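**Q** the following comprises the amino acid sequence and a computationally predicted model.
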Amino acid sequence: MPTFQAPRGMRDILPGEVERWQALEAEIHDLAARYGFREIRTPVVEHTEVFQRTVGETTDLVEKEMYTFSDRGGRLLSLRPEGTAAVMRAFLEHGLARQPQPVKLYYIAPMFRYDRPQRGRYRQHTQFGAEIIGSPDPSADAEVLALPVRLLQQVGLTEVEVRLNSVGDAACRPLYLAALRDYFRPHVADLCVDCQRRYEEHPLRILDCKREGCHRIARGAPPVFGYLCDECAAHFEGVRAQFDMLGIRYSIDPFIVRGLDYYTRTAAEVYSGRLGAQNAMFGGGRYDGLAEQLGGPPTPGVGFGFGLDRLLLVGEQEGLARPLDRGIEVMVVTIGPTARSEGFRLADELRQAGIRTDGDLLVRSVAAQMKHADRLGARLALVLGDDELAAGTVTLREMASGEQTTIARAGIAPALLDRLRRQEPTNEGQGR
Ligand code: HAM
């Protein structure tokens, strides 16, 4: 057992796995650009208040799961547990309301939650999130929520279920909360301690409780739809109509109430059977009151956060193709000290020409260098000894066949590049 391990619930992503992340991230950057989203990067820490005011003082996320500390100047800071409040803080701080509206932003960023680790649940996870800030229209909800659905389809995951709900707004939610209290009142003693507290603070959250006992009681609760004001009901119809138009299948699920307080109207989650019932692939919705909670002017917004750790986990289970490993292409093998230093220069030249090249950093024998080339999966070895130096040549060895030819040292980079790119392996036959 090594002396130190990564903190509990946090993981190293090693070479071999990191290629999957890189490929997914590249796909996301491309997809987001196609939708007109621009990337935003916010600090990993924020003032704790940014989350307290928006996500909600009494939510599990803020109350139990945040990594909070005082810095040396006595400021109370928290590792970012989610992205939306941070993005809105940045939007207000930099006056992005003056830019052409709506503002469409996305991020791929680590989030930190001190939760009980289990499969697909980590204390550091990475979210791809996108936010449309400045449009109250249902088309914004449908557009931003369609994006992660298209991402799932694009990577080949089709066994997913989109669930939609509305959580009302400041006008109609109080009525619904009152109805929920009426419903839960005779059952309070049978609820878990958390839900007994939720009953007082925010009975909507009881609907989100994963404990079987609470869920059984909650199943009989009145659904929100009888309590939505006309505007919220019309908005929900609008979102549904847009989803229908896009041909995105969904079900309506009154238990999708989201665990964070800033939501208004649309709430959405997407599940995959492979993750188990408790774990969503992505979650999102509308948050028209969030800007005001941060001291800004009324500003509508809608977005989602997609757990990329979970996406990759499910992708692996469903046997999606692994992206190609961008290992080295060429190994420069040298014999003797003069050739070694010339080989060093040759490797540099090839790298500048765009060829993935490695050389010998351990002063090994030729046989050991060849073995190393083999183990790293190099396609070609370039052998350089005193003979080659004198003749101005290089011996080129095809690693797979062992076939050797002599080629000129001058102009070697373009010649190799041409040779390698002509025979580039492709993803064909790997599923995508
Ligand atoms: P959230 O539902 O708390 O929403 O998280 C979004 C997604 O992050 C989840 O659906 C899940 O895939 C992933 N996730 C959350 N916690 C973990 C964890 N401990 N381990 C692995 N994955 C996790 C938000 O954070 C909102 N900011 C989403 C949003 C954006 N709403 C509007 N805009």
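**A** Noted; the coordinates are in hand.
**Q** mind checking how far the closest residue to Val302 other than its chain neighbours is from Lys64?
**A** Nearest non-adjacent residue to Val302, counting by C-beta to C-beta, 6 or more residues apart in numbering: Arg286, 4.3 Å away. In short, each C-beta sits where N, CA and C put it, glycine included. Arg286 sits 25 Å away from Lys64, going by C-beta to C-beta, to the nearest Å.
**Q** with Ala234 instead?
**A** Going from Ala234 to Lys64 by C-beta to C-beta gives 37 Å.
**Q** which residues does Arg400 contact?
**A** In this structure residue 400 is Ala, not Arg. Each residue near Ala400 by C-beta atoms under 8 Å, 6 or more residues apart in numbering is listed here: Arg379.
**Q** tell me which element it falls in.
**A** For Ala400, there is no host helix or strand (DSSP states H and E).
**Q** start the count at 18, not 1, going forward
**A** Okay, residue one is now 18; in that scheme the one you just asked about reads as Ala417.
**Q** mind checking pLDDT for it?
**A** If you check Ala417, the pLDDT there is 96.
**Q** hang on, the earlier thing: so which of Arg303 and Lys81 has more stuff around it?
**A** Shown here are Arg303 and Lys81; by other C-beta atoms under 10 Å, Arg303 has more neighbours (30 against 11).
**Q** please look at that one and Thr283 and confirm they touch.
**A** Yes - in this structure, Arg303 is within contact of Thr283 by C-beta atoms under 8 Å, at 4.4 Å.
**Q** so which bits of this protein are right by the ligand?
**A** 99-101, 130, 132, 137-139, 142, 144, 146, 148, 297-302, 304, 320-322, 324, 326-327 (C-beta under 6 Å from any ligand atom).
**Q** among those residues, which ones are in strands?
**A** Counting by DSSP state E, the residues of the chain next to the ligand place 142, 144, 146, 148, 297-302, 320-322, 324 in strands.
**Q** and for Arg303 and Thr283, which residues touch both?
**A** Taking C-beta under 8 Å, 6+ apart as the criterion, Arg303 and Thr283 both touch Asp158, Val319.
**Q** list the contacts for the single nearest residue of the chain relative to the ligand?
**A** Closest to the ligand within the chain is Gly324: 2.3 Å, counting by C-beta to the nearest ligand atom. Neighbouring residues of Gly324 by C-beta under 8 Å, 6+ apart: Gly137, His142, Thr143, Gln144, Ala297, Met298, Phe299.
**Q** roughly how far apart are the second one and Phe108?
**A** Distance of His142 to Phe108, given as C-beta to C-beta: 23 Å.
**Q** domain parsing of the protein, as residue ranges.
**A** Following automatic domain parsing, the chain resolves into domains at 35-189+245-334, 347-439.
**Q** burial of Glu110, as a residue count?
**A** The burial count for Glu110: 11, using other C-beta under 10 Å.
**Q** next: Thr283.
**A** Neighbour count of Thr283, defined by other C-beta under 10 Å: 29.
**Q** same question for the one 3 residues further on.
**A** Other residues within reach of Glu286, judged by other C-beta under 10 Å, total 22.
**Q** repeat that for Thr75.
**A** 15.
**Q** sorry, back to before: turn the ones in strands among the residues of the chain next to the ligand into CSV, columns for pLDDT and distance to Asp342.
**A** Putting these into CSV (pLDDT from 0 to 100; distance: C-beta to C-beta, whole Å) gives the following:
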residue, pLDDT, distance to Asp342
His142, 98, 24
Gln144, 98, 26
Gly146, 98, 28
Glu148, 98, 34
Ala297, 92, 31
Met298, 94, 26
Phe299, 96, 28
Gly300, 97, 32
Gly301, 98, 33
Gly302, 98, 38
Gly320, 98, 34
Phe321, 98, 31
Gly322, 98, 29
Gly324, 97, 24
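**Q** circling back: pick the most deeply packed of the domains of the chain.
**A** The highest average neighbour count among those, using mean count of other C-beta atoms under 10 Å, belongs to domain 35-189+245-334 at a mean of 19.
**Q** quick one: that one to chain centroid distance?
**A** Distance of domain 35-189+245-334 from its chain centroid, counting by C-alpha atoms, centre = their mean, to the nearest Å, is 11 Å.
**Q** quick one: contacts for Val179?
**A** Applying C-beta under 8 Å, 6+ apart, we find Val179 in contact with Leu162, Val166, Phe260, Ile265, Arg266, Tyr267, Ser268, Ala285, Val287.
**Q** relative to strand 297-303, how tilted is the helix or strand containing it?
**A** Using DSSP H and E, Val179 sits in strand 177-183. If you take axes from the mean of the first three to the mean of the last three C-alpha atoms, to 10 degrees, strand 177-183 sits at 30 degrees to strand 297-303.
**Q** follow-up on the earlier one: export the domains of the chain to TSV and tack on distance to Gly26?
**A** Output for the domains of the chain, formatted as TSV (distance: least, C-beta to C-beta, whole Å):
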stretch	distance to Gly26
domain 35-189+245-334	3
domain 347-439	33
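**Q** can I assume Gly376 is in contact with Ala356?
**A** No - the pair Gly376 and Ala356 fails to qualify as a contact (C-beta under 8 Å) at a distance of 10.9 Å.
**Q** how long is stretch 182-189 from one end to the other?
**A** For stretch 182-189, the separation between the terminal residues is 15 Å (C-alpha to C-alpha, to the nearest Å).
**Q** scratch that, stretch 388-403
**A** 21 Å.
**Q** quick one: that stretch to chain centroid distance?
**A** Taking C-alpha atoms, centre = their mean, the mean C-alpha location of stretch 388-403 is offset from the chain mean by 37 Å.
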